[in-house]
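Peer 1: model the structure of this input:
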Amino acid sequence: MPLVHPLPPALVEVVSPVYQTEQRLRQLKELRSRIDREIRDIEAEEAYRARKAAQTKGQPRSRRHKAEDRVTKHLERLGVTAHDVKAWAVTAGLTDTVRRGRIKAELVDAYETAHPTGARP
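Peer 2: From the prediction side, this is the model:
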């Protein structure tokens, strides 16, 4: 049994383009809402990254880096190098040998106590 269209053929020719236009408008609205959602998501992510960058700007990366900065500034204030302090620590018997790597803040403090004027050895 053939499918019978409930509308007369003349009316189908008029309604069909209108229906197709409405369907296309619906698709475009859905597409626009998806694009708007994506834009909001991107803006939210950018705002989050900007807030995160503002929070960490000017702060040391970690506690270790902060301690290293303190030791470096202390050495600069005394006018000596880390090698000078390490060599003094060996002659004073505080360490066995001059080792590579970071210098401990305790050694710099001991050096400052032993050399209050900051004179080089």
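
Peer 1: now the longest helix belonging to the chain: how far from the chain's centre is it?
Peer 2: Longest helix in the chain, counting residues (DSSP state H): helix 9-56. Here helix 9-56 is found 31 Å from its chain centre; the criterion is C-alpha atoms, centre = their mean, to the nearest Å.

Peer 1: output the lowest mean pLDDT helix or strand found in this protein.
Peer 2: helix 63-78 (a mean of 75; mean pLDDT, DSSP states H and E).

Peer 1: next secondary structure after that helix?
Peer 2: helix 82-91 (DSSP states H and E).

Peer 1: next SSE after that next one?
Peer 2: Next along from helix 82-91, by DSSP H and E: helix 105-114.

Peer 1: for that next one, give the mean pLDDT please.
Peer 2: Averaging pLDDT along helix 105-114 gives 88.

Peer 1: swap in stretch 21-32?
Peer 2: 91.

Peer 1: contacts made by that stretch with the rest, please.
Peer 2: The contact list for stretch 21-32 (C-beta atoms under 8 Å, 6 or more residues apart in numbering) is empty. Just so you know, the C-beta spots here come from the backbone N, C-alpha and C atoms, and that holds for glycine as well.
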